[in-house]
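J.: What follows is a predicted protein model with its sequence.
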Amino acid sequence: MKRILAIVGRDITSGKRDFIYAYIMIVPFVMALILKAIIPGVDTTTINVAVLDTLEPQLIEYLDEFAKVKEFETIQDIRVRVSKTDDYLGLVKKNDKYNIISQNNESEGSYDFLELIVNSYQKDLYIFPIDIKITDSGWKLHPLKQQGANFLIIFTTVFGGMLILLSLVEEKMSNTLSAINVSPTSKFEFIIGKSILGLTIPIVGIIGILLIVGFEGINYLMVIVVSISLSFISMIIGFVIGIMNDEPISAIASMKMIFIPVMGSIFGAMYLSEKFIPLLYWSPFYWAYEAMNSIILNEATWPMIFKDCIIITFITVLVFIMLKNRIKRGLN
Amino acid sequence: MKKLWFCFKKDIALAMKSWYIYTELIMAFVFIIILLFIVPENFDSTRTIYAYFDLKPAEMNRIDEFINESEDKIILLDSRSDVINILREEKSSIGMVVTKQYRRLDYEIILQGFENEKLKTLMKTDFLMHFIEETPHYESIVTSTTLMGNNQKLSDRLNMLPIFLTMNASFMGLFIIASYIFLDKERGTIRALAVTPLPIWQYLLSKVGLIVVSGLLSSFITAIFVAGTNVNYIGLFFLLVTTNIFGSVLGLFITSFFKDMASAMGWMYSVIILLMFPSFSYYMPAFSPLALRLLPSYPMLFAYKELFFEHGNISYVYNVCLMFSVLSIIIFLITNKRFKETLTI
């Protein structure tokens, strides 16, 4: 234990010199703040409409109920605005009709929505024996907040793995790794010692992300339990890549490959239909996503969380057993 | 210039010996396989509506007609509570309950609850317009004008390519170039530049050249396999070269502030994640706040996209190339000065 703590202490000392851990702690928080700042903007976005400032004020007011409206002085100004890269539709009155100016490459449904809004401007002329009301199922959590936070959490874990990886490559390059062989520290103690910071730092980041994005009412004990098992994924990433590569370039290039299963698991879990989900069962990132998602949605139960954590741990152990000899060789 | 060419050839030879170039190629092929065999050409955008109609069998005839004509997938359930329960399970669906009060039909559209007021008003109006459009004297008051130029929509599969080209080709090189510099710092080879005739700017430019070559290689392979002939390859070449140079020069600039990879990693990782944020605007162009438009990945994403259109806005692409060329020169000059000053530190 003393020797493990000595390795951790050495990592902290070398990290403190360059404020590495300060940066690493701050990064997830900054990302969470950016996500939080973006959510209201995305939430209120429907369509953007460019109109002439001479258009009847009642119609502008009516359009404003559905869309973001911007006034321009000339039709040419509107055409220029519409032809820019983002989505803007123009609306100009022409005799008794309204002309929609578009590029026809806008997001699906944008044109139809504006056409619908303009045509509905005179809806009061029609009377039907119907009543339409909009209610909801009570689910207030915006999908961007839910998925965005989960995405950041998984990436924070990957970041923990990168720390372990870099630390190992650094040891290899400075030849200190071979010194372990003649020191009283066992390889197991060395692995644990090297992993502790990569394991604990993401946990702080994960809790910070959830608090900043605004998940106050969730079960934080479950978050900590899942974060610990998530950290095992860091170990897989860090050790597998760190041990296999002798210099940072190939280590960083290999790290890029890690993004494929990470992204594949997250997007697969989000978009694949039920029948294809078993294709992701091999990936610890999938189970991590599932566990964190159920906590965020307040749907998690302890048996569910334990099941996901056990699967993640099992995959980690399996990978370590498979690569045991390779890791041993790498440490030599 | 001869020294630069020699240095570049040496860097390429070293890269061929290490895993780096091969990893880039493997990454490109994995991406190609995912796009061609896993991602569908277009995602199914059919909306599912869970509905309960509390009506007499005779009144259901019109409802059957409504269901058959609808573009949405309508699934009938036995009660309002069933609708609510399934909406809690399926967060991307909406619900509908229809009841009859004397001679009036009451339609309740049940959303999830996170939708904004504008969207709610839009849904209500959309529904009402279905009835209005069916009235005998209804006439649309809308005409349409399509601007000249590109009026084509990309398939969902092709639409993913600009993200890959921006993030993988243009910005991931930022990590690699940093690794190269730190490796040379670690081994002390960078200090040798102080006593060799090779100017520091040529040393840096040679590394940029390596990243550009590997970026071109992986990006062209991906574009050829996924988009075939539907790409403006000349524009793609210039855009890849300028954006790769920009990404690498940015990497060099960040590198100039740190002594090793571990200390630079936090900043590099933050920059990459920050540069991913304009993807929101890319997939939702109506949401383009200034803060996202100012990030370099924003014009890159849209410029790459233009290359896949049959009549894409090529002048926009070349303007973006020009802008990144100018920015790269400025950043490179500053970086070169910083490296000169800190060469032996």
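T.: Sure thing, it's come through. Residues are numbered from 1 along each chain as shown, chains lettered A, B, ... in the order given.
J.: and the stretch 201-345 of chain B, which residues reach chain A?
T.: Contact residues (C-beta under 8 Å from any C-beta of the partner chain) of the stretch 201-345 of chain B with chain A: B:258-263, B:265-267, B:269-270, B:273-274, B:277, B:280-281, B:284-289, B:291-292, B:299, B:302, B:309, B:316. Glycine gets a C-beta too; all of them are placed from N, C-alpha and C.
J.: need the strands for the stretch 51-200 of chain B, in chain order.
T.: Assignment of strands within the stretch 51-200 of chain B using DSSP state E, counting those that start in this stretch yields the ranges B:73-76, B:94-101, B:104-111, B:142-146.
J.: nearest to residue A:131, of these?
T.: strand B:104-111 (4.8 Å; C-beta to C-beta).
J.: Quickly find the element holding residue A:132.
T.: Secondary structure assigned from DSSP states H and E places residue A:132 in strand A:130-136.
J.: related to what we said a few turns ago, just the buried ones among the residues of the stretch 201-345 of chain B next to chain A, please.
T.: Burial by neighbour count, judged by 16 or more other C-beta atoms under 10 Å in any protein chain shown, picks out B:258, B:260-263, B:265-267, B:269-270, B:273, B:277, B:280-281, B:284-288, B:292, B:299, B:302, B:309, B:316 from those.
J.: pretty sure residue A:99 is in a strand, no?
T.: Yes: under DSSP: H, G, I helix; E, B strand; the rest coil, residue A:99 falls within a strand.
J.: re the thing from before, dump the strands of the stretch 51-200 of chain B to TSV, plus mean pLDDT, distance to residue B:191 and mean neighbour count.
T.: As requested, those are arranged in TSV below (pLDDT from 0 to 100; distance: least, C-beta to C-beta, whole Å; neighbours: other C-beta atoms under 10 Å in any protein chain shown):
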stretch	mean pLDDT	distance to residue B:191	mean neighbour count
strand B:73-76	86	67	14
strand B:94-101	87	65	18
strand B:104-111	87	64	17
strand B:142-146	86	62	14
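J.: can those strands go into JSON lines with extra columns for distance to chain A?
T.: Listed next are these as JSON lines, based on distance: least, C-beta to the nearest C-beta, whole Å:
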{"stretch": "strand B:73-76", "distance to chain A": "13"}
{"stretch": "strand B:94-101", "distance to chain A": "7"}
{"stretch": "strand B:104-111", "distance to chain A": "5"}
{"stretch": "strand B:142-146", "distance to chain A": "5"}
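J.: pLDDT below threshold where in chain B?
T.: For chain B, applying pLDDT under 70 flags the ranges B:62, B:149-151, B:169-170, B:194, B:262, B:343-345.
J.: All the helices of it, residue numbers only.
T.: B:2-17, B:20-33, B:60-69, B:80-89, B:117-132, B:161-164, B:173-187, B:200-227, B:233-255, B:261-276, B:279-283, B:290-293, B:297-307, B:314-342 (DSSP state H).
J.: For residue A:306, find the nearest of those helices.
T.: Judging those by C-beta to C-beta, what sits closest to residue A:306 is helix B:80-89, at 22.6 Å.
J.: Any chance you could list what contacts that closest one?
T.: Applying C-beta atoms under 8 Å, 6 or more residues apart in numbering or on different chains, the contact partners of helix B:80-89 are A:137, A:139, B:50-52, B:77, B:93-97, B:108, B:110, B:112.
J.: relative orientation of it and strand B:94-101 in degrees?
T.: In this structure, helix B:80-89 runs at an angle of 170 degrees to strand B:94-101, with axes from the mean of the first three to the mean of the last three C-alpha atoms, to 10 degrees as the basis.
J.: Tell me the buried residues in helix B:80-89?
T.: In helix B:80-89, counting by 16+ other C-beta under 10 Å, buried: B:83, B:84, B:86, B:87.
J.: distance of the last one from residue A:329?
T.: This points to residue B:87. When distances are taken as C-beta to C-beta, to the nearest Å, residue B:87 and residue A:329 turn out to be 55 Å apart.
J.: and what of the third one?
T.: Distance, residue B:86 to residue A:329, using C-beta to C-beta: 54 Å.
J.: how about low-confidence regions in chain A?
T.: The low-confidence ranges in chain A, as defined by pLDDT under 70, are A:1-24, A:43-45, A:172-181, A:187-188, A:191, A:194, A:246-250, A:330-332.
J.: Most distant residue from the centre of the chain?
T.: I'll assume chain A. residue A:95 (49.5 Å; C-alpha atoms, centre = their mean).
J.: actually it's chain B I care about, not the one you picked
T.: Checked against the mean C-alpha position of chain B, the extreme residue using C-alpha atoms, centre = their mean is residue B:102, at a distance of 52.7 Å.
J.: Kindly reformat the contacts of helix B:80-89 as CSV containing distance to residue A:84.
T.: As requested, the contacts of helix B:80-89 are arranged in CSV below (distance: C-beta to C-beta, whole Å):
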residue, distance to residue A:84
A:137, 38
A:139, 35
B:50, 39
B:51, 40
B:52, 45
B:77, 45
B:93, 34
B:94, 32
B:95, 38
B:96, 37
B:97, 42
B:108, 40
B:110, 37
B:112, 32
